[in-house]
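> okay, here's the prediction I keep looking at, along with the sequence it came from:
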Amino acid sequence: MNNLRTTTNRFLPAGMVLVLSVLGGGSTLPRGDAAETSSSKGRYNVLFLIADDLNNALSCYQHPLVRTPNIDRLAARGRRFDRAYTQFPLCNPSRASFLTGLRPDHTGVYDNAVHFRENVPDVLTLPQCFRKHGYFAARVGKLYHYGVPAQIGTSGLDDPQSWDLVVNPRGRDKDEEDKIFSLVKGKFGGTLSWLSADGTDEEQTDGIGAAEAVRLLEECRSKRFFLAVGFYRPHTPYVAPHRYFEMYPPDRVPLPEIPPGYFDTVPEAAITLYPEEREMDESLKRQAVQAYLASITFMDAQVGKVLDALDRLGLADNTVIVMTSDHGYHMHEHGLWQKRSLFEESARVPLIVAVPGMKDAGKATAGIVEMVDIYPTLVELCELDMPSHLDGQSMVPLLENPELPGKPFAVTQVTRRAGKNLFHGYSVRTARWRYTEWDAGARGVELYDHEKDPAEMHNLGDDPRYADVRAELKKLIPTPPTN
């Protein structure tokens with residue numbers, strides 16, 4: 001097994017990058033090029049926690065089986081958002097969006113290959129904004145996009161301007177890829193794959209990342225910090241030590257039933273299924289769900305270590321905590337797996353924000369919010385200067401009063417290809433409805449009534465009784481950019 005566990009990049013004032021191997025022990029934190037150490041003017045520290053490909057399968061979101069005690073206790077001291085939506089259910093477009101505060105049509109990022117600065121080179125990112133105001137900004141693990149698992153241990157499509165320090169953990173899950181089961185042998189990143197692993201939590205990439213985050217918290221006690229911790233799980237391959245798999249026997253995991261002929265009721269563009277996924281038998285499907293849930297509980301345990309350190313160090317009283325994911329994820333709902341759909345399971349994200357001393361802590365809100373709203377929310381909470389370029393709006397009113405309705409609607413989008421041509425799919429989610437158009441309606445429309453059909457299984461897109469509803473919702477669909 002490779003003994004190199006983390007790589008730390010320190011971005012120095014002169015623009016030089018020094019790469020160090022960290023084999024354990026502490027280090028002296030550098031000042032950022034805008035650092036003011038403990039005299040920075042922000043009101044709070046920020047601890048930004050994000051899981052990769054995590055849907056709302058959390059016990060605090062009423063999942064009947066999943067055990068997530070640490071995220072649950074964060075929800076108990078913060079605000080759980082029950083209607084939070086990603087702008088693009090794919091890693092790079094989503095992360096580029098919420099970390100710049102711009103919608104995907106403004107970043108121009110629609111896939112996992114383009115770096116946002118190719119299109120918006122001078123944009124001030126969320127962590128960069130905090131650096132500008134004197135915060136020490138550090139990243140552990142995946143914040144901006146890079147491929148999992150191929151680029152674990154690297155910086156991938158990271159943004160050096162955003163950070164004073166980065167840590168790229170690498171664990172035995174990366175070193176033992178030959179042990180991983182995959183629906184397509186030897187293929188992992190976008191393919192359903194999993195491993196019930198030998199060894200301890202601490203040997204896994206996320207376990208190492210949690211330990212590094214704790215170390216940074218210990219070193220940051222005397223300064224204002226923006227610490228972002230990006231966990232890799234439950235992204236495929238779903239890897240976790242054996243004990244987490246044992247919590248979810250396959251015969252107990254939920255497996256949604258898909259009625260015969262269902263795919264004929266929705267536009268072709270709505271269905272994202274690989275050939276190997278179509279061929280899965282029930283046993284493989286249940287094993288995949290088991291592995292995904294095991295990875296969630298494993299990730300939750302690592303979140304717990306970071307939260308414990310925050311409390312132990314007395315930092316919880318002056319630190320805003322955010323816990324979220326880049327997008328939702330399918331576990332056979334609609335017969336689908338993974339992401340890139342415009343159904344609720346793919347578009348909706350878990351989102352918890354905890355503010356020291358907040359009123360009505362532990363109470364959820366049904367107010368509609370979007371991931372693009374995270375940036376202005378943290379800026380307002382920390383009393384920084386609000387950048388003028390942001391597409392979102394602050395969620396502080398909902399943090400103060402969870403009964404407010406939030407936004408009138410949220411927008412989620414994806415792209416599809418027909419031969420060489422790219423076309424867009426847009427979906428708007430209101431309190432009651434989800435309305436989706438593919439290629440401005442030329443490739444189909446969908447309408448779902450969440451009061452009667454929360455699972456979105458009955459498409460009303462062609463029902464003449466709802467023509468007026470569709471006409472009103474159509475007005476909310478963005479105009480696609482010109483190619």
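That came in fine, so what should we check first?
> make it CA atoms for all contacts and neighbour counts henceforth
OK.
> got the contact list for N459?
265-266, 446-448 (Cα atoms under 8 Å, 6 or more residues apart in numbering).
> 6 Å instead?
Applying Cα atoms under 6 Å, 6 or more residues apart in numbering, we find N459 in contact with 446-448.
> so which of the residues you listed belong to helices?
Per DSSP state H, helices hold no members of these.
> buried subset of these?
446-448 (16 or more other Cα atoms under 10 Å).
> which one among the contacts of N459 gets closest to G357?
Y448 (38.7 Å; Cα to Cα).
> that closest one touches R432, doesn't it?
No: taking contacts as Cα atoms under 6 Å, Y448 lies outside contact range of R432: 8.4 Å.
> for this structure, give the helix that spans the most residues.
The chain, longest helix under DSSP H: helix 282-312.
> can you pull out the strands in the stretch 201-350 of the chain?
Using DSSP state E, counting those that start in this stretch, the strands found in the stretch 201-350 of the chain span residues 225-230, 238-241, 319-325, 330-331, 337-338, 348-354.
> those strands into TSV, with extra columns for mean pLDDT?
Converted to TSV, the strands of the stretch 201-350 of the chain look like this (pLDDT from 0 to 100):
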stretch	mean pLDDT
strand 225-230	98
strand 238-241	98
strand 319-325	98
strand 330-331	98
strand 337-338	98
strand 348-354	98
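> I368: which of those strands is closest?
Judging the strands of the stretch 201-350 of the chain by Cα to Cα, what sits closest to I368 is strand 348-354, at 10.5 Å.
> now tell me what touches the helix or strand following that closest one from outside.
Next in sequence after strand 348-354, counting helices and strands by DSSP states H and E, comes strand 365-370. Outside strand 365-370, the residues within contact range by Cα under 6 Å, 6+ apart are 81-85, 402, 405-407.
> mind redoing it with 10 Å?
79-87, 98, 347-349, 351, 392-395, 398-399, 401-412, 429-431 (Cα atoms under 10 Å, 6 or more residues apart in numbering).
> what would the buried ones among the contacts of N459 look like in TSV with distance to P104?
As requested, the buried ones among the contacts of N459 are exported to TSV (distance: Cα to Cα, whole Å):
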residue	distance to P104
E446	22
L447	23
Y448	24
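> from those residues, pick the one nearest T319.
For the buried ones among the contacts of N459, the nearest to T319 is Y448 (39.4 Å; Cα to Cα).
> does that closest one touch A431 like I think?
No: Y448 is beyond contact range of A431, at 11.4 Å (criterion: Cα atoms under 10 Å).
> what is the neighbour count of P64?
For P64, the neighbour count with other Cα atoms under 10 Å is 12.
> spell out which helix or strand contains it, please.
In this assignment (DSSP H and E), P64 forms part of neither any helix nor any strand.
> how about it, phi and psi?
The phi/psi pair for P64 (degrees, to the nearest 10) reads phi -70, psi -10.
> report pLDDT for it.
Listed pLDDT for P64 reads 94.
> residue ranges for the strands of the stretch 51-200 of the chain, please.
79-85, 136-141, 165-169, 181-182, 193-197.
> let me know which of those is the nearest to A316.
Among the strands of the stretch 51-200 of the chain, strand 79-85 sits nearest to A316 (Cα to Cα), with 15.2 Å.
> okay, now the sheet partners of the closest one, with direction.
strand 348-354 (antiparallel), strand 365-370 (parallel) (DSSP bridges).
> which of the contacts of strand 365-370 are buried, as a PyMOL select command?
Burial among the contacts of strand 365-370 is assessed by 16+ other Cα under 10 Å; the matching PyMOL selection reads:
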select buried, resi 79+80+81+82+83+84+85+86+87+98+347+348+349+351+392+393+394+395+398+399+402+405+406+409+410+411+412+429+430+431
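> please flag which of the contacts of strand 365-370 sit within helices.
Reading helices off the contacts of strand 365-370 with DSSP H, I get 98, 347, 398-399.
> just the closest of these to G147, please.
F98 (18.2 Å).
> contact partners for that closest one?
86-88, 104, 125-126, 144, 326, 370-376, 390-392.
> buried residues, the longest helix of the chain. List them.
Quick answer for helix 282-312 (16+ other Cα under 10 Å): 285-307, 309-310.
> any idea how far apart the tips of stretch 180-192 sit?
10 Å (Cα to Cα, to the nearest Å).
> can you give me the buried ones in that stretch?
Those would be 180-183, 187-189, 191-192, for stretch 180-192 by 16+ other Cα under 10 Å.
> lowest-confidence entry in the residues you listed?
G189 (86).
> what about that one, distance to V379?
34 Å.
> same check, this time on V148
V148 is 30 Å from V379, by Cα to Cα.
> follow-up on the earlier one: filter the contacts of F98 down to the buried ones, ChimeraX style.
Here is the ChimeraX command that picks out the buried ones among the contacts of F98, judged by 16+ other Cα under 10 Å:
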select :86,87,88,104,125,126,144,326,370,371,372,373,374,375,376,390,391,392
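> for D164, find the nearest of the strands of the stretch 201-350 of the chain.
strand 225-230 (10.0 Å).
> with only the CA atoms kept, save the closest one in CSV.
Extracted C-alpha coordinates of strand 225-230, given in CSV (Å, rounded to 0.1, in the frame of the first residue of the first chain):
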residue,chain,number,x,y,z
PHE,A,225,-11.0,30.6,9.0
PHE,A,226,-13.0,29.3,6.2
LEU,A,227,-12.4,25.5,6.3
ALA,A,228,-14.0,23.5,3.5
VAL,A,229,-14.0,19.7,4.0
GLY,A,230,-15.1,17.6,1.0
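> in its sheet, what does that strand sit against?
Counting by DSSP bridges, strand 225-230 is paired with strand 45-51 (parallel), strand 136-141 (parallel).
> tell me the angle of that strand relative to strand 319-325?
Angle between the axes of strand 225-230 and strand 319-325 is 20 degrees (criterion: axes from the mean of the first three to the mean of the last three Cα atoms, to 10 degrees).
> tell me the angle the longest helix of the chain makes with strand 319-325.
Going by the same axes, to 10 degrees, helix 282-312 makes 170 degrees with strand 319-325.
> what angle separates helix 282-312 from strand 193-197?
Angle of helix 282-312 versus strand 193-197, following the same axes, to 10 degrees, is 60 degrees.
> check the offset of helix 282-312 from the chain's centre.
14 Å (Cα atoms, centre = their mean, to the nearest Å).
> what's the answer for stretch 455-466, then?
29 Å.
> and that stretch, how far apart are its ends?
18 Å.
> so which bits of that stretch are buried?
Within stretch 455-466, judged by 16+ other Cα under 10 Å, the buried ones are 456-461.
> I'd like the list of those that fall within helices, please.
Among these, no member lies in helices (by DSSP H).
> which one of those is nearest M280?
M457 (21.4 Å).
> wait, doesn't that closest one sit right on E333?
Yes: at 9.4 Å, M457 and E333 qualify as touching, with contact defined as Cα under 10 Å.
> what is in contact with these two at once?
With Cα under 10 Å, 6+ apart, M457 and E333 have common neighbours 258, 343.
> helices along the stretch 1-150 of the chain, start to end?
69-76, 91-100, 104-107, 126-132 (DSSP state H, counting those that start in this stretch).
> chain center to the longest one, what's the gap?
Spelled out, it's helix 91-100. 9 Å.
> CA atoms only: put that helix into CSV for me.
In CSV, the C-alpha atoms belonging to helix 91-100 read as follows (Å, rounded to 0.1, in the frame of the first residue of the first chain):
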residue,chain,number,x,y,z
CYS,A,91,-20.4,17.4,-10.0
ASN,A,92,-18.4,20.0,-11.9
PRO,A,93,-21.3,22.2,-13.1
SER,A,94,-22.9,22.2,-9.6
ARG,A,95,-19.7,22.9,-7.8
ALA,A,96,-18.7,25.6,-10.3
SER,A,97,-22.1,27.2,-9.8
PHE,A,98,-22.4,27.3,-6.0
LEU,A,99,-18.7,28.2,-5.4
THR,A,100,-18.9,31.1,-7.8
